[in-house]
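# Fold the following.
(chains A and B)
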Amino acid sequence: MRDAVALDLGGLSWSIGDTQILAVGELQLMAGERLVIFGPNGAGKSTLLRLVAGLIGQRSAPDASYLPQRPYMFRGSGRRNLLLGLRPEETNRAEVLAKRLGVSNVLGTPAGQLSGGERQRLALARSLASLRPIVLLDEPLAAIDARDRDAVVAVIGDAIGQRAAVVVTHDKDVAVAFADRVAVMVQGRVRQVGPPQHVFLEPGTAEVAAVVGHHNVLVGTVVRSEPPLVQVSCGGLMVWALGEQAAGSEVRVVFGADAVTLHSVVTGPADGGVDSARNHWLGAVTAISEVGRLIEVIVDVGQPVAAMITAGSMAGMGIQLDDKMALSLKATAARAVTAAKQ
Amino acid sequence: MEFLGEVLGEAIRYVADFGPELREILALTLVVAGVATLIGVALGVPIGVWLGLTRFRGRGLMLAIVNTGMGIPPVLAGLLLLVLLWNDGVLGSWEALFTPGAMIAAQALLALPIAAGVSAGAVRNLSGDAREQLAALDVSHVKRGWIAGREAWPGVAAAVAAAFGRVIAEVGAVLIVGGNIEGETRVLTTAIVQEARQSNLGAALGLGIVLLLVALVVNVALTWAQLRGEARA
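As a prediction, the model looks like this:
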């Protein structure tokens, strides 16, 4: 079933007057897939999700639950809003989700007195309680405090389960947490689609790079938890990163290519380390490319890791393909993001 | 000044006496206007919510018709019904002319477009976020309309108040289809016309005071309900 198409987003478009502000080429949501629409504010992400949901445009609405970007609470209690439009078999699920999202204590409160975060959580509980086969979420973590994010991501991931989902976000960590695939949207067009490890590390164009930056995304499992740090095994490569996940948690480690320092093996602090960085890796240069006025060097340290350096450093160190290099990365420059799919 | 004082004194005595004639007129007024408002609101508010919520071809035309209906002169509505209910008219066999039933029908005809127009405006004024959330809910069209109407409650209450205000104050329609028959189809407004015409200014003014009091009581009740709805939002 993994190859079945759950929803075809291809060909969707939207115009204001004679101006086409959004057009999607070929893009499909596969069964069981979590597709993240990522892009800056004003890129047309919410408009795309509204088109997908059938709220605007000519396509009929799919059998999907939809969380708007700014969830609205109707007159009445939190509970009335929580259960609005849910089927009898979904109400129990809604109560459980409200509890997991920490809003079961506000169900008796008039909706007008709820805080932004409480509204967001109630609306999340309602749309996730729906058992419809497709889940559409617009900025699901918008009004959620940073410290609660991992927990809320986990609840959302569980509730989506094996269903197909489209998640819209402008937040890199949210994208990395949810995405099987990321579709980068810039100015009403989908510019690149691929797994987050690929899209964030190797943006296909300068336009996409300006939006996503150059980020290493490594998939792994926490092997040691020493808050505020965790040690993550990413396909054999051990990485220390900021995080508080328990050992055994599936996480994605995100760090910018510009946070990675390169050292010549002869001069630098080789494996073992004499500087303050917690991560030291050894590997061979597999690719060198110009990115604007900087140079991106890919070093295979068991996983390909990108480092961004200036042309001056490049020339000074005389880096060549296949050179042996030592890499260092401060643990505080890397974040372990809980993967929504455990 | 002396004359005014005299008339005012008479009016107050007329109201204070609260005689059988006044009681009868007041009761019929409340029944006719109340039932007409209920019918107009029961039909008009759902139409208004529907017009405010959905987009379809011809919606603009329907809104224009409703808005025109809001301003239709009562005598014209009465005349239309008169033609229909006339002995040889389409509905002549109903023999409803010059009965409270005909008066209720005429006033309901006046109340309906007001209830529809004002509630359509209230629903159209719901925020974009509210409308999007409404559209995204997995509910039937009827339930969606119900939620929208409830959300726009202060506006819908205003629609009820406006409809009642129109029918209680109008004289043209009830005069034409009711005939202002003493003890049968005489209501506050037609009685005022009658008394004024016969130079019984005290009684006419007394009836006017009662009319104002009725409007005041109903509007106080509706305003209270409106404010309560706002507080709960």
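# Chain B contacts on the stretch 51-200 of chain A?
For the stretch 51-200 of chain A, the residues in contact with chain B (Cβ under 8 Å from any Cβ of the partner chain) are A:53, A:55, A:65-66, A:68, A:70-72, A:74-76, A:84-87, A:110, A:112, A:130, A:132. Heads up, the C-betas are built off the backbone N, CA and C, glycines and all.
# Among those, name the buried ones.
Neighbour counting with 16 or more other Cβ atoms under 10 Å in any protein chain shown marks A:53, A:55, A:65-66, A:68, A:70-72, A:74-76, A:84-86, A:110, A:130, A:132 as buried within those.
# quick one: the helices in chain A?
Counting by DSSP state H, chain A has helices at residues A:45-53, A:78-83, A:88-100, A:116-129, A:149-160, A:172-178, A:196-201, A:206-212, A:311-317.
# Could you find the closest non-adjacent residue to residue B:202?
Counting by Cβ to Cβ, 6 or more residues apart in numbering or on different chains, residue B:202 lies nearest to residue B:10, which is 2.4 Å off, once chain neighbours are set aside.
# Can you name the residues that contact the one you found?
B:201, B:202, B:203, B:205, B:206 (Cβ atoms under 8 Å, 6 or more residues apart in numbering or on different chains).
# would you put the C-alpha positions of stretch A:126-143 in CSV?
Output of stretch A:126-143 as CSV, limited to C-alpha atoms (Å, rounded to 0.1, in the frame of the first residue of the first chain):
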residue,chain,number,x,y,z
ARG,A,126,-10.5,18.1,17.7
SER,A,127,-8.9,17.7,14.3
LEU,A,128,-6.7,14.8,15.4
ALA,A,129,-9.6,13.0,17.0
SER,A,130,-11.3,12.8,13.7
LEU,A,131,-10.6,9.4,12.2
ARG,A,132,-10.8,10.6,8.6
PRO,A,133,-8.0,9.0,6.4
ILE,A,134,-6.2,12.2,5.6
VAL,A,135,-4.9,14.8,8.1
LEU,A,136,-4.2,18.4,7.0
LEU,A,137,-2.5,20.6,9.6
ASP,A,138,-1.6,24.3,9.1
GLU,A,139,1.1,25.4,11.5
PRO,A,140,0.1,22.9,14.2
LEU,A,141,2.7,24.2,16.7
ALA,A,142,2.0,27.9,16.1
ALA,A,143,0.9,28.8,19.6
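# hang on, the earlier thing: which of the buried ones among the residues of the stretch 51-200 of chain A next to chain B fall in strands?
The strands, defined by DSSP state E, take in A:65, A:66 from these.
# If you rank every helix and strand of chain A by mean pLDDT, what lands last?
Averaged element by element with mean pLDDT, DSSP states H and E, chain A has its least confident helix or strand at helix A:206-212 (a mean of 84).
# what's around residue 179, how many residues?
No chain in the question, so chain A it is. By the measure other Cβ atoms under 10 Å in any protein chain shown, the count of residues near residue A:179 is 28.
# Actually, chain B is the one I wanted.
By other Cβ under 10 Å, neighbour count at residue B:179 equals 17.
# same check, this time on residue A:296
Neighbours of residue A:296 under the rule other Cβ under 10 Å: 20.
# Could you do residue A:94 as well?
Residue A:94 has 22 neighbours, counted by other Cβ under 10 Å.
# and what of residue A:322?
Burial of residue A:322 is recorded as 7 neighbouring residues (other Cβ under 10 Å).
# rewinding a little: what's the distance between the least confident helix or strand of chain A and the middle of its chain?
16 Å (Cα atoms, centre = their mean, to the nearest Å).
# Just the CA atoms of it, as PDB, please.
Presented in PDB, the C-alpha positions along helix A:206-212 are these (Å, rounded to 0.1, in the frame of the first residue of the first chain):
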ATOM      1  CA  ALA A 206      20.000  29.400  -4.700                       C
ATOM      2  CA  GLU A 207      16.300  30.400  -4.200                       C
ATOM      3  CA  VAL A 208      15.600  27.200  -2.100                       C
ATOM      4  CA  ALA A 209      18.900  27.600  -0.300                       C
ATOM      5  CA  ALA A 210      17.900  31.100   0.700                       C
ATOM      6  CA  VAL A 211      14.900  29.600   2.400                       C
ATOM      7  CA  VAL A 212      16.200  26.400   3.900                       C
END
